[in-house]
Each structure stands twice: as structure tokens, then as C-alpha cells.
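K.L.:
When you get a sec, could you give me coordinates for this:
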Amino acid sequence: MEYKGAKVFSATKARERVELGNALTEWIQDNPDLVIKDTVVRQSSDNEFHCITIIVFYDFREDRN
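P.N.:
Have a look, this model is predicted:
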């Protein structure tokens, strides 16, 4: 799959993980000239921390100015 860029959203603290979806939604709304091509979600953990990462791969809309 071909894309022009990637945006990474990552959170370790519980409150940040809860807000991650809102941050992603806000970014999408703030970037209407982008077309999301793919997403990857990963979780990693150790004895103390749980990290979630969302990677969004995007391209530019062909009709953008």
C-alpha cells in the first residue's frame, strides 16, 4: 500500500489511554485534506506500564488545494 505519511498516537498513563480516541478523532477532523489508508494498533506492557500505540497511514486528497 502506498501512502504519503504516518501519524503516531501513543499513551502510557491510564488517563492518556482513555483520551487517545479523542486525540485521534480531533486530528482527523483538523486534517480534512488527508485520506486514511491504513491503521495499526499495538499494545505493549511490562510489570508496571501498559502502552497503546495507534499508527495512522495517510495520503493527500487528490482534490485538495
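K.L.:
ok, and the residue lying farthest from the centre of the chain, which helix or strand is that part of?
P.N.:
For the chain, the C-alpha lying farthest from the average C-alpha position belongs to N47; by Cα atoms, centre = their mean, that distance is 25.1 Å. Assigned by DSSP states H and E, N47 belongs to neither a helix nor a strand.
K.L.:
Now do it against W27, distance only.
P.N.:
As judged by Cβ to Cβ, to the nearest Å, N47 and W27 stand 31 Å apart. Where you see a C-beta, it was placed from the backbone N, CA and C, and this is true even at glycine.
K.L.:
buried stuff in the helix or strand harbouring K37?
P.N.:
K37 belongs to strand 34-45 when elements are defined using DSSP H and E. Across strand 34-45, burial judged by 16 or more other Cβ atoms under 10 Å covers L34.
K.L.:
Flag every buried residue along whichever helix or strand comes after it.
P.N.:
Using DSSP H and E, the next helix or strand after strand 34-45 towards the C-terminus is strand 50-60. By neighbour count on 16+ other Cβ under 10 Å, the buried set for strand 50-60 is I52, I54, V56, F57, Y58.
K.L.:
can you tell me which residues contact A6?
P.N.:
I55, V56, F57, Y58 (Cβ atoms under 8 Å, 6 or more residues apart in numbering).
K.L.:
And it, how close does it get to H50?
P.N.:
22 Å.
K.L.:
Also V41?
P.N.:
13 Å.
K.L.:
can you check V56 too?
P.N.:
Computed as Cβ to Cβ, the V56 to H50 distance reads 21 Å.
K.L.:
can you check L20 too?
P.N.:
Relative to H50, and taking Cβ to Cβ, L20 is found at 12 Å.
K.L.:
same deal with V40?
P.N.:
Separation of V40 from H50 (Cβ to Cβ): 17 Å.
K.L.:
What of P32?
P.N.:
Counting by Cβ to Cβ, the gap between P32 and H50 amounts to 32 Å.
K.L.:
Include distance to E2 when you put the buried residues of strand 50-60 into JSON lines, please.
P.N.:
Supplementary listing: the buried residues of strand 50-60 in JSON lines, determined by distance: Cβ to Cβ, whole Å:
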{"residue": "I52", "distance to E2": "26"}
{"residue": "I54", "distance to E2": "20"}
{"residue": "V56", "distance to E2": "15"}
{"residue": "F57", "distance to E2": "9"}
{"residue": "Y58", "distance to E2": "11"}
